[in-house]
Every structure is written in C-alpha cells, then in structure tokens.
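Novice: please find the sequence and the predicted model below.
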Amino acid sequence: MYLVIVVIVLAVWYCLRYYRWLKNVYFHVEKLNGAPRIPIIGTEYIHIGVPKDELLKRFLRYLEKYGPLARTWNGSQPDVHMTKPEHLQVIMNKYITKGKQYESLHPWLGQGLLTSKGSKWYQHRKLITPTFHFKILENFMPIFVEKTKTLLGILDSKAGGDICNIYPDITHCALDIICETAMGVNVNAMSNDDNKYVKSVYNISEVLLWKALRPYIPYFLFNFMKQGRKFKEALDVLHGFSKDVISKRKKFLKSKINKRKPKDEDVLGGRKRLSFLDMLIEASQDGKVLSDTDIREEVDTFMFEGHDTTTAAMSWALFLLGNHPVVQEKVYDEIRSVLKDKITPTTLVELHRLRYLECVIKEALRLYPSVPVIIRDLEEEIEIDGYKLPPGTQAVLHLHMVQRSPDHFPKPHVFDPDRFLPENCIGRHPYAYVPFSAGPRNCIGQKFAMYEEKTVVASIINRYKLTAIESMREAKLSTDLILKPHNGVLVKLERRE
Ligand code: HEM
C-alpha cells in the first residue's frame with residue numbers, strides 16, 4: 001500500500017515537473033531551429049562517432065543550416081548557439097556566469113578566475129588585474145627572450161633539413177615561459193619534455209576533452225574508468241607541484257622580510273622581478289585576503305589558460321606566414337628595420353613598433369581563435385531576435401563563426417592582415433572580432449599573450465624562411481579544449497643568413 005502511494009506521489013511529482021519544463025523551457029526553445037530532439041539524449045547524437053578533426057567542421061555545417069540562432073539539447077538542457085556580433089554583445093555584457101560545461105575544470109582549477117562566479121570572481125579579478133599592468137609585464141621580457149633563444153637553438157638543429165613539426169617545440173617554449181612567469185620556476189620543458197609536471201599538463205588536457213565529449217558519463221563512474229584514473233594521477237602531480245612551489249616561495253619571501261638588508265639577487269631565485277605567484281602571496285596578506293587554496297587555484301588557472309592558448313596562436317600565425325611568402329617577407333623587412341642586427345626583440349618599445357606583425361597575429365586569431373567557443377549560463381530570462389530564452393539556457397557563443405562572417409570581413413576565409421590596419425577597422429562592429437572575449441570577463445592575459453607571441457614569432461621569422469607543407473585548405477582543425485592544427489605545424493626551415 002505504502003509503495004503504491006509512493007509511486008503515485010512520485011508519478012505526480014514527475015508529471016508536474018515535466019509539465020513545467022514543457023511550458024517554461026521546451027516550447028520556447030523549440031521555436032528555434034535545430035536537429036530533432038530525442039527524449040533523454042536530446043540532440044547529443046549529432047556528435048557520436050565524429051572524429052576529433054571533423055567536430056568543428058560538422059558543427060559549422062549545423063550552424064549554417066539552422067543558424068544564426070540555433071538550438072541543441074543536452075538531454076533536457078537547452079543550449080542556444082549564437083553567431084552574430086549583436087548576440088555576443090548582449091550576452092558578454094549581461095551574463096558573467098560561465099556555462100555548466102566549465103564544471104569539468106573545477107577539480108583542477110577550483111574557483112580560479114576562469115571558473116569562479118559572483119562576488120568571489122569580482123574580488124579576485126579586482127585584486128589580480130594590477131598584476132597584468134604593462135609595467136609589470138615589461139619585467140617578463142627577459143624571460144620571453146631567454147626562452148625564445150633556447151627555442152631558436154632547438155630549431156637550428158632542424159633547419160635546412162627535412163620537413164619538421166614545430167608545434168611541440170612551440171608548446172614546450174610556451175610552457176617554460178608560463179611556468180617561470182607564473183610560478184618563478186623553470187621546468188625545462190624544452191630540454192626535458194619527459195618532466196612529470198609537463199606530462200601531467202598534457203594528460204589532463206587530453207582527458208578533459210575526452211570527458212567533455214561524453215557528458216552522459218556520470219562522474220562517479222568516470223572516476224573508476226581508465227581515463228578517470230589518468231585524470232586523478234595527473235591532478236595529484238599538478239596540485240602537488242603547485243602546492244610545493246607555493247609553500248617554498250612563502251617561506252623564502254618571509255625569510256627575506258626578516259632579513260634587514262636583503263640582497264637584490266635574493267629576490268627571485270637570483271632575479272629581481274616577481275612572478276605572478278609572488279604578487280599573489282603579497283596580496284594575500286597572510287591568508288586574510290587570499291587563502292593558500294585561492295593562490296593555488298589562480299596559479300593553476302594561469303598555467304592552464306596561459307600556455308595552450310598562446311601556443312596555438314603562435315603556431316597558427318607561423319602556419320599562415322609559411323603559406324604566404326609575400327606577407328612573410330613584409331614581416332621580415334619590418335623586423336629588420338626595428339631590430340637591426342639583434343636576434344630577438346628585447347623591449348616593449350620594439351614590440352610596439354612591430355605593427356605589421358601585430359596585424360598578422362590578429363588576423364591569425366581571427367581565422368583560428370585559440371578559444372573558438374565561450375559558454376555562459378543565462379541565469380535570467382532574455383529575449384533575443386524575438387525568441388524568449390528561459391533561465392538555465394546555456395548560451396554558446398561561436399567566436400570562430402562570428403569572426404568569419406562575410407558581413408564584417410569581406411572574403412572571410414582569405415588571410416589578409418591589412419584588415420587590421422587602423423584605417424580598415426573603422427566602423428567595424430566592436431563584437432565582430434573578439435578572440436580574447438569582451439566585457440567584464442574578457443581575457444586578463446591578452447597583453448601578456450601579445451608580447452609573448454610577438455617576441456617568439458618575430459625571432460623565428462628573423463632567423464628562418466618558413467615554408468608550410470599543408471595549405472589552409474588541407475589543414476585539419478582539432479578542437480581539443482582549444483583550436484589546434486590537427487597535424488601540428490609542418491614546415492621546412494631555412495636559415496636566412
Ligand atoms: C592568444 C592567447 C590567449 C587567448 C586567445 C585567450 C583567450 C581567452 C578567452 C576567449 C577568455 C574568455 C574565456 C571564457 O569566457 O570562457 C579568456 C579568459 C582568461 N584568460 Fe586568456 N587567452 C589567451 C592567453 C592568456 C594568458 C597568457 C593568460 C595568463 C597568463 C590568460 C588568462 C586568462 C584568464 C585568467 C581568464 C579568465 C578571466 C576572467 O574570467 O576574469 N589568457 N582568455
């Protein structure tokens with residue numbers, strides 16, 4: 001008898017919930033175009049069996065068919081895909097809570113800047129913003145230069161020979177740069193990519209993508225699977241490493257304060273500049289403002305956001321230059337006129353004078369944005385293009401599609417750095433080009449990224465003539481967590497002198 005009552009109550013409760021969902025969510029979202037929804041799995045079937053290098057292409061076709069505002073269903077959860085600058089402008093400014101899909105990053109990054117929300121995000125963003133001031137970034141120039149010179153040494157051994165893939169070398173260089181600037185430690189990824197920390201960064205990114213493509217696997221099951229165990233192993237190494245660095249750094253900085261007259265050389269492992277970690281420890285006021293966990297989460301976030309993104313951006317820029325010899329020579333001429341006989345740029349003034357190179361880097365980020373998609377949680381109802389989107393909808397903002405819109409970029413698939421000459425930007429919609437996002441949650445590291453990219457790319461073009469092996473048409477796009485060239489960057493390198 002009791003069982004019958006329980007079943008009836010549950011059935012009524014379920015029917016009411018279902019009715020509410022139909023009325024408040026389903027009927028509104030179904031007004032948008034999209035593939036037919038199947039109960040329980042929604043439209044997830046559209047990704048099943050699609051290889052990694054086909055995912056983005058397939059989805060672009062979906063958006064071409066159903067866009068500019070299209071819907072998919074992740075079970076009963078609606079995702080609305082937006083492809084116009086006007087959509088991005090509204091969402092990026094009004095909604096600052098990240099989409100539910102970012103939850104897979106929580107075990108690694110916790111509540112760091114990228115993933116946190118509400119007042120915690122706001123306070124941390126306010127606290128951390130000054131550490132990205134260009135005056136502070138200027139102190140990182142010697143690190144960019146030192147790592148770039150090591151990279152050139154590695155590329156020298158590949159020049160004049162067979163076809164080589166420079167993507168792994170660029171990745172190691174970016175990792176060395178971010179480890180030293182974020183934590184003040186050298187992991188020597190360029191000389192030893194067998195390093196446990198470096199390997200764990202690769203492993204965790206790989207597993208995160210694997211899991212993102214399988215939202216139907218619950219976490220309790222995932223933890224017992226091979227991929228789940230690999231994730232846990234990598235996580236232990238990464239957290240262990242950053243905790244260890246933080247505690248050593250704290251002790252060191254404390255002992256420095258206690259010394260009456262610290263020598264300059266003591267400040268940072270023989271260097272005067274401070275790493276992001278040192279600045280966070282200073283701002284933490286002995287745990288009153290930032291706890292040790294807060295600090296670790298922010299440092300891990302810099303590690304995650306600050307190396308794969310710049311690697312992809314530098315690699316795509318080099319790939320495009322390798323495909324466009326006339327543009328490459330124009331960049332080379334500019335570099336020679338700014339650097340004269342120097343191997344690498346060493347000051348911000350020199351970087352600012354590399355204006356045409358900046359246009360190249362911007363155009364590369366237009367065609368191949370490192371972060372092709374951003375997701376926001378619509379916490380309140382919104383009306384967009386005449387459609388009512390209920391609270392809880394995930395707004396999926398397709399930067400790569402917006403940036404290839406013929407309405408804003410004539411011949412959008414053609415590589416043309418002149419689009420970014422100041423006179424050609426006049427009148428362009430401010431949200432037609434947003435590789436670093438826009439609004440309150442834009443990329444805090446965009447200046448850092450631009451300085452790093454300019455230093456590395458200028459130095460490579462200054463030393464070698466690059467010929468790309470794959471054309472733009474041939475190159476396959478791999479949507480790991482970021483947009484990468486599926487086969488790496490295959491080139492022939494020829495020393496210029
Ligand atoms: C070419 C290189 C880069 C690109 C294209 C890029 C792009 C982006 C984008 C699109 C976002 C917004 C993500 C979202 O809303 O989901 C973002 C956020 C962020 N980026 Fe970058 N990024 C780059 C480099 C960097 C670097 C070098 C750092 C740090 C050293 C960094 C740190 C961050 C952080 C902390 C956030 C979160 C900011 C917040 O929510 O307040 N990024 N980035």
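Specialist: Looks like it arrived, so ask away.
Novice: C-alpha only now, for contacts and for neighbours.
Specialist: Noted.
Novice: could you list the domains of the protein?
Specialist: For the chain, the domain assignment from the TED database gives the residue ranges 1-31, 42-257+273-495.
Novice: buried set for the shortest one?
Specialist: Within domain 1-31, the residues that count as buried by 16 or more other C-alpha atoms under 10 Å are 25-26, 29-30.
Novice: with respect to the ligand, which of those residues is nearest?
Specialist: Using C-alpha to the nearest ligand atom, Val29 is the member of the buried residues of domain 1-31 that lies nearest the ligand, at 23.0 Å.
Novice: with adjacent residues omitted, what lies nearest to that closest one?
Specialist: The shortest distance from Val29 to any residue that is not its chain neighbour, by C-alpha to C-alpha, 6 or more residues apart in numbering, is 6.6 Å, and that residue is Leu389.
Novice: strand partners (parallel or antiparallel) of the lowest-mean-pLDDT helix or strand in the chain?
Specialist: The helix or strand of the chain with the poorest confidence is strand 477-479; it has a mean of 82 (mean pLDDT, DSSP states H and E). For strand 477-479, the paired strands and their directions (DSSP bridges) read strand 483-485 (antiparallel).
Novice: ok, residues contacting the strand it pairs with?
Specialist: Contact with strand 483-485 is made by 312, 316, 368-372, 475-478, as judged by C-alpha atoms under 8 Å, 6 or more residues apart in numbering.
Novice: list the contacts for the residue of the stretch 251-400 of the chain at minimum distance from the ligand?
Specialist: Using C-alpha to the nearest ligand atom, the closest approach of the stretch 251-400 of the chain to the ligand is made by Gly306 at 3.6 Å. When contacts are counted by C-alpha under 8 Å, 6+ apart, Gly306 touches 178, 445, 449.
Novice: what sits against His172?
Specialist: His172 makes contact with 189-190, 193, according to C-alpha under 8 Å, 6+ apart.
Novice: nope, Phe409 is what I meant
Specialist: Residues touching Phe409, when contacts are defined by C-alpha under 8 Å, 6+ apart, comprise 403, 419.
Novice: that one and Phe134, how far apart?
Specialist: For Phe409, the distance to Phe134 (C-alpha to C-alpha, to the nearest Å) stands at 30 Å.
Novice: thought Thr171 was touching Asp308?
Specialist: Yes. Using C-alpha atoms under 8 Å, Thr171 and Asp308 qualify as a contacting pair, with a distance of 7.1 Å.
Novice: which of these two has more neighbours?
Specialist: When neighbours are counted by other C-alpha atoms under 10 Å, Thr171 and Asp308 differ, and Asp308 comes out ahead with 24 against 21.
Novice: so where do the strands sit in the chain?
Specialist: 69-74, 77-82, 164-165, 373-377, 382-384, 387-389, 394-398, 464-468, 477-479, 483-485, 490-495 (DSSP state E).
Novice: a markdown table for those strands, including distance to Phe140 and mean neighbour count?
Specialist: As requested, these are exported to a markdown table (distance: least, C-alpha to C-alpha, whole Å; neighbours: other C-alpha atoms under 10 Å):
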| stretch | distance to Phe140 | mean neighbour count |
| --- | --- | --- |
| strand 69-74 | 42 | 24 |
| strand 77-82 | 37 | 21 |
| strand 164-165 | 27 | 17 |
| strand 373-377 | 29 | 20 |
| strand 382-384 | 43 | 13 |
| strand 387-389 | 45 | 18 |
| strand 394-398 | 32 | 24 |
| strand 464-468 | 25 | 22 |
| strand 477-479 | 30 | 20 |
| strand 483-485 | 26 | 23 |
| strand 490-495 | 28 | 20 |
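Novice: pick out the shakiest of those, pLDDT-wise.
Specialist: Looking over the strands of the chain, mean pLDDT reaches its minimum on strand 477-479, with a mean of 82.
Novice: now look at it and say if it contacts the ligand.
Specialist: No. In terms of C-alpha under 6 Å from any ligand atom, no part of strand 477-479 sits within range of the ligand; the closest distance is 13.9 Å.
Novice: look at Arg58 and report its pLDDT.
Specialist: At Arg58, pLDDT is 89.
Novice: around it, how many other residues sit close by?
Specialist: Using other C-alpha under 10 Å as the criterion, Arg58 is surrounded by 15 other residues.
Novice: which residues touch it?
Specialist: Counting by C-alpha under 8 Å, 6+ apart, Arg58 has no contacts.
Novice: look up how far the ligand lies from it.
Specialist: The spacing between Arg58 and the ligand, counted by C-alpha to the nearest ligand atom, to the nearest Å, is 22 Å.
Novice: could you export the contacts of His172 as CSV, including distance to the ligand, pLDDT and neighbour count?
Specialist: Converted to CSV, those look like this (distance: C-alpha to the nearest ligand atom, whole Å; pLDDT from 0 to 100; neighbours: other C-alpha atoms under 10 Å):
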residue, distance to the ligand, pLDDT, neighbour count
Ala189, 17, 88, 22
Met190, 18, 92, 21
Asp193, 20, 70, 15
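Novice: of those, just say which sits nearest to Leu10.
Specialist: Asp193 (55.5 Å; C-alpha to C-alpha).
Novice: related to what we said a few turns ago, hey, which of the domains of the chain is tucked in deepest?
Specialist: Using mean count of other C-alpha atoms under 10 Å, the stretch among the domains of the chain with the greatest mean number of neighbours is domain 42-257+273-495 (a mean of 18).
Novice: that one: how far from the chain's middle?
Specialist: In terms of C-alpha atoms, centre = their mean, to the nearest Å, the gap separating the centre of domain 42-257+273-495 from the centre of its chain is 3 Å.
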